[in-house]
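Engineer: I would like to see how this sequence folds:
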Amino acid sequence: MSSPVEERWLRRYRDDDGCGTKLVCFPAAGAGARCGTHWPLGLPADIGVLAVRYPGREDRFGDPFPLRLEDLADDIAKALDGLTRHRLVLFGHSMGASVAHEVALRLHERGCPPAALCVSGRRATHALAGRQMISGTDDEVIAHV
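Structural biologist: Residues are numbered from 1 along each chain as shown. Alright, predicted model coming up:
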């Protein structure tokens with residue numbers, strides 16, 4: 001049985017007792033949890049497919065989005081607590097790759113690292129070193145861009 005926190009953060013596309021592996025999909029910035037809709041069709045029946053439900057998207061449109069990536073990752077890692085007894089595979093695309101990476105770090109720190117972290121559409125964290133980070137108010141960021 002899942003917790004209310006888990007239900008708030010995760011949409012289940014396939015997740016029954018026979019799913020020993022749970023694939024958790026982290027959508028890109030402009031996408032929502034619907035990214036996992038068709039994934040069960042191409043995967044074995046013993047792999048559960050879940051997608052992260054970001055605040056500010058779809059049916060969580062009215063929920064405030066955390067101001068920092070670290071806060072978002074903390075919230076998602078907490079929501080995954082009940083699933084850590086399973087083999088977790090995290091997949092993130094674009095911004096979702098960064099979120100999945102941060103969540104993987106938190107799970108590792110808690111002693112329950114994911115079995116795999118798969119990412120696409122984003123450079124590896126170490127490849128971003130030395131790149132200019134844009135920060136400031138919305139108006140300052142828009143002016144910079």
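Engineer: any idea how far residue 3 is from residue 27?
Structural biologist: 21 Å (Cβ to Cβ, to the nearest Å). No exception for glycine: its C-beta is placed from N, CA and C like everyone else's.
Engineer: These two: which has the busier surroundings?
Structural biologist: residue 27 (23 against 12; other Cβ atoms under 10 Å).
Engineer: Only the buried residues of whichever helix in the chain runs longest, if you could.
Structural biologist: Using DSSP state H to define each element, the chain has its longest helix at helix 95-109. Going by neighbour count (16 or more other Cβ atoms under 10 Å), the buried part of helix 95-109 is 95-107.
Engineer: what packs against that helix?
Structural biologist: strand 21-26, helix 69-79, strand 87-93, strand 116-120 (3 or more Cβ pairs under 8 Å, 6 or more residues apart in numbering; DSSP states H and E).
Engineer: Identify all contacting residues around the longest one.
Structural biologist: Helix 69-79 is touched from outside by 5-6, 8-10, 52, 54, 65-66, 98-99, 102-103, 105-107, 110, with contacts defined as Cβ atoms under 8 Å, 6 or more residues apart in numbering.
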